[in-house]
Every structure is written in structure tokens, then in C-alpha cells.
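Q: Give me a 3D structure for the following:
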Amino acid sequence: MTEMKDVKSGRERLGSRLGFILLSAGCAIGMGNVWRFPYITGQYGGGAFVLLYLIFLAIMGIPVMTMEFSLGRASQKSPLCVYDGLQKPKQKWHIHGWASFIGMIVLMMFYTVVAGWMLYYFKAMAFGDFEGMTNTEIEGQFGVMLSNPWAMMICLAIVVVAGFLINSFGVQKGLERVTKVMMIALFALMVVLVGHSFTLEGAGEGLKFYLIPDFGKMMDAGIFNVIAAAMLQALFTLSLGIGSMAIFGSYIGKDRALLGEAVNVAVLDTMVAIMAGLIIFPACFTYNNGQTAGGPGLIFQVLPQIFANMPLGRLWGSLFFVFMTFAALSTVLAVFEAILACVIEKFGWSRKKACIICGVGMFLLSLPCLFGYNLLAGFAPLGKDIQSWEDFLVSYVLLPLGSLVYVLFCTNKRFGWGFDNFENEANQGKGLKVKKWMKGYMQYVLPAIMLVVFVFGLNEFFGWW
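A: As a prediction, this is how the structure comes out:
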């Protein structure tokens with residue numbers, strides 16, 4: 001894996017196994033871990049939710065990730081063309097390739113905007129913009145930002161330009177090199193922030209809420225609601241179902257078995273999610289009277305108040321939003337690479353040409369989400385803003401149904417690739433391997449779980465029951 005390109009396919013290669021693990025983990029590690037996971041945990045009762053989330057991550061997330069890696073490595077193609085050469089003649093699995101491509105674009109249409117929010121808050125913390133404000137004024141700054149399209153456009157432009165500029169240097173020289181540094185810095189920042197949180201007065205209560213399951217709290221939140229949220233979070237946090245993991249499978253050799261690599265990525269991803277909670281909940285119990293159910297505003301409205309009221313809060317707040325920015329950018333870089341691989345493969349463009357065209361296109365396509373909070377605020381079908389609908393399409397439709405398609409293709413011999421082909425590909429190399437006894441589970445139980453996730457997700461969004 002030290003060559004820039006594979007001799008047979010001419011495809012770019014990652015420079016090391018560490019690069020593959022960090023890139024794949026970087027794609028999975030993002031706002032699902034450090035933004036969504038803490039507020040969902042607070043909303044659904046703490047430790048009991050965390051326990052269910054870990055269970056579903058193991059029985060659902062890791063198998064699907066192994067399949068995505070396997071399809072990418074076997075096909076040596078982008079997510080758009082991953083079924084080419086694997087599907088039988090006249091089959092239509094390749095339609096999902098287009099759905100994956102569209103899904104990645106829609107994901108970035110709102111993800112880049114939220115990544116820009118992280119930059120905005122880092123700047124605000126670093127320059128002391130919140131100093132001297134009351135808690136009510138600090139909470140209101142989130143609305144001030146959303147109402148200012150020009151400020152958000154500048155942050156969005158920085159995210160998009162930086163992402164495609166880094167990727168323009170190639171897989172090894174750009175994406176892998178920068179992601180390694182950024183991920184190491186992210187973990188270092190987390191260790192510092194967690195260490196600081198452990199020194200806070202409310203650390204004991206916060207950790208008890210977060211790490212010790214209280215099934216009474218789960219009952220209060222509604223057991224089916226908690227199960228549904230845990231299933232959706234396990235799928236969302238790994239970005240499964242739209243090919244963003246398959247692309248990295250296509251960039252690695254066959255010296256490592258893929259189930260073990262999926263476990264490694266899931267462990268890193270989970271470590272970041274858990275550590276994000278270790279940072280946030282002790283602070284909530286120290287400075288926010290134990291209020292943890294702040295919803296999506298927990299990061300942008302509650303935590304800035306906490307930082308403003310703690311010693312050296314400007315320093316700790318700045319470090320926290322640097323960490324948040326790195327987490328967001330790691331996913332942006334990874335998904336941008338998957339999008340680039342699709343257009344380069346489909347249209348034969350050079351990497352630099354693809355970066356310019358995709359960069360301009362991505363910026364323009366992200367504007368509806370950005371304007372949905374100001375210029376287009378009145379456009380809210382069924383009471384949902386533009387970002388909510390974009391998130392719905394990706395998180396509640398394409399991720400579970402896309403994962404279902406991967407599972408059916410990899411386990412059905414008559415209509416798809418088949419379990420034997422999947423097993424042979426996944427098990428090449430050293431490490432943890434797929435076992436024969438897993439076939440029945442993957443072929444029958446896993447699809448049923450995907451359908452349950454899809455139905456539960458629709459209910460969570462529309463509130464049917």
C-alpha cells in the first residue's frame with residue numbers, strides 16, 4: 001500500500017493502514033458524534049440510551065460497514081459505479097449507485113452549513129464575543145448568527161474551499177496527510193477537554209447520568225422512542241448506506257480482513273462519541289443545574305453559557321469549538337473525496353477540474369439550507385425547514401434503505417452478489433473474519449432490523465404515534 005497507484009487498476013492507494021483507519025474513522029466521526037450524540041443521549045435518559053446504542057452499533061453498524069468496505073475493495077470503483085462488474089447482466093442494482101451519489105451531495109448540502117457554524121462559534125469564543133453578555137444574550141446569539149446570511153456564507157465558503165483544496169492534492173498527498181494530522185489533533189484536544197471536565201464539581205453526577213443505565217429514565221422517555229433513537233444513531237454515526245465508506249474500501253489492498261477493520265473504525269468512532277459526552281455532561285451538571293435535554297441547541301446555546309461562567313472559559317470554549325471544527329471537517333473531507341471519485345470516474349475529469357466544478361456546485365447547492373434560516377425562513381412545508389427536509393432524506397430514508405440494499409446484495413446469491421462472494425472478499429488478509437454462522441443473521445435478521453429502523457425513523461420525523 002505504499003504505491004501511489006495500483007498497478008493493475010491505476011487506482012490511487014492510501015499510503016498506510018493507519019491512513020485507511022483514520023480516514024474511515026474521520027468519515028464516521030463528525031457531528032453525529034460530537035453534536036447529535038450528546039443531545040440525543042441527554043434527551044433519552046443517559047446511560048440506558050448509551051447501552052442500547054452500543055448494542056445496535058455492534059449488531060447492525062459493523063456488519064453493514066464490512067459490506068460497504070467489501071463492495072468498494074472488490075469493485076475498485078467509486079460509490080456511483082460500485083455495482084459495475086459485480087451485478088449480473090440486466091440487473092438494476094446500479095440504480096442505488098446513483099441514489100448513493102445523490103445522498104452524499106444532499107448530506108453535504110446541510111453538513112457544510114453546520115460545519116460553518118462550528119467555525120463561527122470558534123471565532124466568537126476565541127475573540128471573546130460572548131464576554132460581558134448575560135446567559136439570555138448568549139443563548140440569543142445562535143439566532144443572531146442564523147439571521148445573518150452573509151456571515152454564514154463566509155463560513156460556508158471557507159469550509160467548501162478548504163475541503164476541495166485539500167482533496168485537489170490527491171488521496172495520499174492531500175486527504176490522507178491532512179486527515180492524519182487533524183485526527184491526531186482531535187484526539188489530543190479531546191483528552192485535554194475530558195481531563196478538564198473530570199475536575200469540575202459536577203463531574204460525579206454528570207458521569208453517573210451518562211454512564212450508569214437508569215431504566216426508569218428510559219421508561220419516562222418511552223422505551224420504543226429510546227430504542228428507535230439508538231438504532232437511528234448507530235446508523236447515522238457511521239454514515240452507512242450512501243457509499244461514503246465504500247470509497248475507502250476501494251483505496252486499500254487485500255492484506256487485512258475487513259470485519260476487523262470495520263471493528264477498528266467503529267471503536268474509534270465510538271470513543272469520540274463517548275468522550276464528547278464526558279466533556280459535556282460534567283459541565284452541564286456543574287454550571288447548568290443538571291439540565292441535559294437541550295436538543296440540537298445544546299452545543300450552540302447551552303455550552304457557550306457554560307463556558308462563559310467557568311474559569312478560563314474563553315480558553316476552554318475555544319478549544320472545544322476547534323475540536324468540533326476538526327470533527328466536522330474530517331467528515332467533509334471524506335465525503336468530498338467520495339463525490340470527487342464519482343465524477344472523475346463517470347466523466348473522466350482531472351482531479352483539479354473536478355475540484356473546481358464540484359466546489360462551485362457544492363457552495364451553490366448549500367445555499368438553500370443556509371437561506372432557510374433567514375431569506376427563505378417562511379418556506380417550511382409541514383412545519384419543517386429546508387435543513388430538516390434534507391436531513392430527513394439522508395438520515396431517515398437513504399441511510400437505512402441504502403444499508404438494506406447493501407445487505408440484500410451481499411447476502412442474496414440468486415439476485416445479487418451473494419454471501420460466498422462477500423465472505424471471500426471480506427476475509428482476504430489478516431484479522432477478524434466473517435464466519436459461516438453469520439450468514440443466516442445477515443441474510444434474514446439484518447434486513448428486518450433495517451426495515452424497523454426505516455419505519456421508526458419515519459415515525460420520529462412525522463410523529464405518527
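Q: quick one: residue 62 from residue 445, how far?
A: Residue 62 sits at a distance of 14 Å from residue 445 (criterion: CB to CB, to the nearest Å). Any C-beta I mention is one placed from the backbone N, CA and C, and that applies to glycine too.
Q: Compare neighbour counts for these two and give me the winner.
A: A direct count of neighbours by other CB atoms under 10 Å for residue 62 and residue 445 places residue 62 higher, at 20 against 15.
Q: hey, C-alpha coordinates of the one helix or strand that one maps to in PDB?
A: Assigned by DSSP states H and E, residue 62 belongs to helix 62-75. C-alpha atoms of helix 62-75 as PDB (Å, rounded to 0.1, in the frame of the first residue of the first chain):
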ATOM      1  CA  ILE A  62     -20.300  -3.200  12.000                       C
ATOM      2  CA  PRO A  63     -21.800  -5.800   9.600                       C
ATOM      3  CA  VAL A  64     -23.100  -3.100   7.200                       C
ATOM      4  CA  MET A  65     -19.700  -1.300   7.300                       C
ATOM      5  CA  THR A  66     -18.000  -4.600   6.500                       C
ATOM      6  CA  MET A  67     -20.200  -5.000   3.400                       C
ATOM      7  CA  GLU A  68     -19.500  -1.400   2.200                       C
ATOM      8  CA  PHE A  69     -15.800  -1.900   2.600                       C
ATOM      9  CA  SER A  70     -16.000  -5.300   0.700                       C
ATOM     10  CA  LEU A  71     -18.000  -3.900  -2.200                       C
ATOM     11  CA  GLY A  72     -15.500  -1.000  -2.600                       C
ATOM     12  CA  ARG A  73     -12.500  -3.300  -2.500                       C
ATOM     13  CA  ALA A  74     -14.000  -5.900  -4.800                       C
ATOM     14  CA  SER A  75     -15.200  -3.400  -7.400                       C
END
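Q: tell me what that helix is packed against?
A: helix 246-249, helix 258-287, helix 399-411, helix 419-426 (3 or more CB pairs under 8 Å, 6 or more residues apart in numbering; DSSP states H and E).
Q: Can you add mean pLDDT, mean neighbour count and distance to residue 228 and give the ones you listed back as CSV?
A: Shown next, in CSV, are these (pLDDT from 0 to 100; neighbours: other CB atoms under 10 Å; distance: least, CB to CB, whole Å):
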stretch, mean pLDDT, mean neighbour count, distance to residue 228
helix 246-249, 84, 29, 26
helix 258-287, 85, 23, 18
helix 399-411, 95, 25, 11
helix 419-426, 96, 20, 28
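Q: TSV please, covering those and showing distance to residue 234.
A: Formatted as TSV, the helices and strands packed on helix 62-75 follow (distance: least, CB to CB, whole Å):
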stretch	distance to residue 234
helix 246-249	18
helix 258-287	9
helix 399-411	11
helix 419-426	20
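Q: Tell me which of those helices approaches residue 369 most closely.
A: Judged by CB to CB, the one of the helices and strands packed on helix 62-75 that comes nearest to residue 369 is helix 399-411, at 17.9 Å.
Q: ok now that closest one, how far from the chain's centre?
A: Its chain's average C-alpha position is 18 Å from that of helix 399-411, according to CA atoms, centre = their mean, to the nearest Å.
Q: For that helix, name the packing helices and strands.
A: Under the contact criterion of 3+ CB pairs under 8 Å, 6+ apart, helix 399-411 touches helix 62-75, helix 94-126, helix 223-237, helix 419-426, helix 446-462.
Q: so how far is the first one off the chain centroid?
A: What that stands for is helix 62-75. Centre-to-centre, helix 62-75 and its host chain are 17 Å apart (CA atoms, centre = their mean).
Q: So for that helix, mean pLDDT?
A: Average pLDDT, helix 62-75: 94.
Q: Among the helices and strands packed on helix 62-75, which comes closest to residue 230?
A: Closest among the helices and strands packed on helix 62-75, using CB to CB: helix 258-287, at 12.1 Å.
Q: Beyond the closest one, next helix or strand please.
A: Downstream of helix 258-287, the next assigned helix or strand under DSSP H and E is helix 302-308.
Q: quick check, distance from that following helix to the centre of its chain.
A: So, by CA atoms, centre = their mean, the centroid of helix 302-308 is 24 Å from its chain's centroid.
Q: buried stuff in it?
A: For helix 302-308, burial by neighbour count (16 or more other CB atoms under 10 Å) applies to 302, 303, 304, 305, 306, 307, 308.
Q: What distance do you get for the fourth one to residue 285?
A: Summarising the geometry, the distance separating residue 305 from residue 285, computed by CB to CB, is 14 Å.
Q: Now do the helix holding residue 62 against helix 258-287, angle only.
A: Helix 62-75 runs at 140 degrees relative to helix 258-287, counting by axes from the mean of the first three to the mean of the last three CA atoms, to 10 degrees.
Q: Quick one: work out the angle between helix 62-75 and helix 223-237.
A: Here the directions of helix 62-75 and helix 223-237 differ by 30 degrees (the same axes, to 10 degrees).
Q: Give me the below-cutoff pLDDT ranges for this structure.
A: Scanning the chain for pLDDT under 70 picks out the ranges 1-20, 22-31, 288-298, 465.
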